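Asks: starting from these lines, generate the structure:
(one chain, ligands or ions: 2)
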Amino acid sequence: MINILTDKDADESALNGKTIAVIGYGSQGNAQANCLKDSGVSVIIGETEVLGDKPNPSWEKAKADGFEVYEIDEAAKKADIIHILVPDEYQAGVYKKQIKKHMKAGKTLSFSHGFNICFKRIAPPAEIDVIMIAPKAPGSEERKQYLEGFGVPGLIAIKQNASGQARNVALALAKAMHWTRAGVLECTFEQETYEDLFGEQAVLCGGVTELVKAGFDTLVEAGYPPEMAYFECLHELKLIVDLMYKGGFTEMWKAVSNTAKYGGLTRGKKIITDKTRKVMKKMLKDVESGKFAKEWAKECKNGKPVLTKLQQEDFDHPIETVGKEIRALFNKK
Ligand code: NAI
Ligand code: MG
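Replies: Ligands and ions are numbered 1, 2, ... in the order given. Got it, this is the predicted structure:
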């Protein structure tokens, strides 16, 4: 079984005398920097004051939150640990222009997702440490759990350990962010990257939205009211997921009616067929071989036309119109 690390496995003194530069003050940057700061870690922010040709709101936000904020180049120079939290598709460019020149012995380069190391878009010199500390939650949830005195689960991985201290530093950071209170799994950059990409494609983001849409469309096309189809296919999904989150399939199957049990268990396999499983296997292969990464890099280079078009299609889907109306009713105080 994979090793699950908790508070007792980590020692925050590995960070003594070290400054961490959190590069990018977005979803993860904001959450991680604030948790580290509240745990007494010396944190500075590396950001760009101007992004594109506009003032960058993240720069102002970091300042307003009480951080020392520097241009990325300067932050990378000042800090011992450089934790890159700009969007994955910009990391290689930012690294090349502003970080690479500061990568001397004694420095640690850190990530919350292995994409750029795994697909060799960033190739750090051998004399530095390269680590990953990845939360298994969005930034907002991470910060909320920290403030409530708990933490979200996380992953750590070590790619290069030139100093011999890389693992201690990764664990100390995970502890400072309270992830070791929930449990931290130790893995490789490849495991994290491939699983993360596969998961978001096949199950979490891609799989679920298509399943919800297909269910909703089927009901609406058959003449059922869209409001009811929304409740059935989207709203109630949360209730089912909450049960699985709390107690797995066992708790979920126990909680639903016998009719739902029988219907679900006999019909679910007609949706996720052997053919679907074959498609999943191919998806995983394309992630592992770097084929997907290549396609995504090309899409970014072209200005993300496919992403923009498909995202707009989902924004314009009828489930969005009815969903907005229904959620507005709920949110009335
Ligand atoms: P984000 O999009 O929320 O934040 C990006 C920040 O980087 C912004 O504040 C912006 O000021 C800066 N930025 C954007 N474009 C830039 C550019 N071209 N040059 C320089 N700075 C730029 O990013 P997010 O979602 O926090 O992701 C950061 C990392 O965390 C990624 O590696 C991601 O895979 C990882 N991660 C994200 C999770 C999430 O919930 N969002 C969960 C786990 C890992
Ligand atoms: Mg992901």
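
Asks: when you work out contacts or count neighbours from here on, use the C-alpha atoms and nothing else.
Replies: Will do.

Asks: how about the residues of the stretch 51-200 of the chain near ligand 1?
Replies: For the stretch 51-200 of the chain, the contact set with ligand 1 under CA under 6 Å from any ligand atom comprises 58, 85-88, 90, 94, 112-113, 134-135, 137-139.

Asks: can you pick out the most distant pair from those?
Replies: Comparing every pair within these by CA to CA identifies 94 and 137 as the most remote, at 24.4 Å.

Asks: show the pLDDT at the residue of the stretch 201-333 of the chain at minimum distance from ligand 1.
Replies: Ranking the residues of the stretch 201-333 of the chain by distance to ligand 1 (CA to the nearest ligand atom) places residue 300 first, at 11.5 Å. pLDDT, residue 300: 95.

Asks: ok, how many other residues are close to it?
Replies: By the other CA atoms under 10 Å criterion, the neighbourhood of residue 300 contains 15 residues.

Asks: what's in contact with the helix or strand hosting it?
Replies: Using DSSP states H and E, residue 300 maps to helix 291-301. Contact partners of helix 291-301, identified using CA atoms under 8 Å, 6 or more residues apart in numbering, comprise 89, 119, 286-287, 305-307.

Asks: quick check: phi and psi on residue 107?
Replies: For residue 107, the backbone dihedrals are phi -90, psi 150 (criterion: degrees, to the nearest 10).

Asks: give me the neighbour count for it.
Replies: Here the neighbour count serves as a burial measure; for residue 107 (other CA under 10 Å) it reads 21.

Asks: separation between it and ligand 1?
Replies: 19 Å (CA to the nearest ligand atom, to the nearest Å).

Asks: and the closest residue to residue 50 other than its chain neighbours, how far from residue 32?
Replies: Setting aside the residues directly before and after it, residue 50 is nearest to residue 56 in space (CA to CA, 6 or more residues apart in numbering), at 5.1 Å. Distance from residue 56 to residue 32, counting by CA to CA, to the nearest Å: 19 Å.

Asks: doesn't residue 113 belong to a strand?
Replies: No - the assignment for residue 113 (DSSP: H, G, I helix; E, B strand; the rest coil) gives coil, which keeps it out of a strand.

Asks: secondary structure element for residue 46, which one?
Replies: Counting by DSSP H and E, the element that carries residue 46 is strand 42-47.

Asks: contacts for that strand?
Replies: With contact meaning CA under 8 Å, 6+ apart, strand 42-47 is reached by 18-25, 33, 36-37, 58-59, 62, 67-76, 79.

Asks: which of the residues you listed fall in strands?
Replies: 19-23, 69-71 (DSSP state E).

Asks: let me know the closest of the residues you listed to ligand 1.
Replies: Closest approach to ligand 1 among the ones in strands among the contacts of strand 42-47 (CA to the nearest ligand atom): residue 23, at 7.2 Å.
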